[in-house]
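Participant: return atomic coordinates for the entry below.
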Amino acid sequence: MIVWTAQAKRSYEAVIDDILNKWTVKTALTFEQRINDLLVRLLKNQHLCPAT
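Facilitator: Predicted structure coming up:
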């Protein structure tokens with residue numbers, strides 16, 4: 001399980017907002033999909049990013 005800190009959640013949302021302000025909704029959705037894909041890979045390969 002990946003647990004996001006409150007700061008990480010705020011930062012992620014700020015990045016999404018920034019993308020939406022500068023680019024298109026499609027770009028924001030692509031970014032979100034890439035992040036979700038990365039999270040799935042991290043869950044499957046936990047040795048890539050050990051828990052802190």
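
Participant: residue nearest the centroid of this structure?
Facilitator: residue 35 (3.9 Å; CA atoms, centre = their mean).

Participant: distance of it from residue 44?
Facilitator: 15 Å (CB to CB, to the nearest Å). For every residue, glycine as well, the C-beta is placed using N, CA and C.

Participant: can you check residue 13 too?
Facilitator: Residue 13 is 25 Å from residue 44, where distance means CB to CB.

Participant: what is the longest helix seen in the chain packed up against?
Facilitator: Counting residues, the longest helix found in the chain (DSSP state H) is helix 25-44. On a contact count with 3 or more CB pairs under 8 Å, 6 or more residues apart in numbering; DSSP states H and E, helix 25-44 meets helix 6-22.

Participant: list the contacts of the helix it packs on.
Facilitator: Helix 6-22 is touched from outside by 4, 27-28, 31-32, 35, with contacts defined as CB atoms under 8 Å, 6 or more residues apart in numbering.

Participant: try it again at 10 Å.
Facilitator: 2, 4-5, 25, 27-32, 35 (CB atoms under 10 Å, 6 or more residues apart in numbering).

Participant: most neighbours among those residues, which one?
Facilitator: residue 28 (18 neighbours; other CB atoms under 10 Å).

Participant: return the distance of that residue relative to residue 3.
Facilitator: Taking CB to CB, one finds residue 28 at 23 Å from residue 3.

Participant: hmm, back to that, of the contacts of helix 6-22, closest to residue 50?
Facilitator: Nearest to residue 50, judged by CB to CB, of the contacts of helix 6-22 is residue 2 at 12.3 Å.

Participant: helix or strand with the lowest mean pLDDT in this protein?
Facilitator: None of the helices or strands of the chain scores lower by mean pLDDT, DSSP states H and E than helix 25-44, at a mean of 95.

Participant: run a quick neighbour tally on the closest residue to residue 42 other than its chain neighbours.
Facilitator: With sequence-adjacent residues excluded and distances taken as CB to CB, 6 or more residues apart in numbering, residue 42 is closest to residue 49, at 5.4 Å. A count of nearby residues for residue 49, using other CB under 10 Å, gives 12.

Participant: now swap in residue 15 and tell me
Facilitator: 14.

Participant: if anything else comes up later, I'll come back, but that's it for now.
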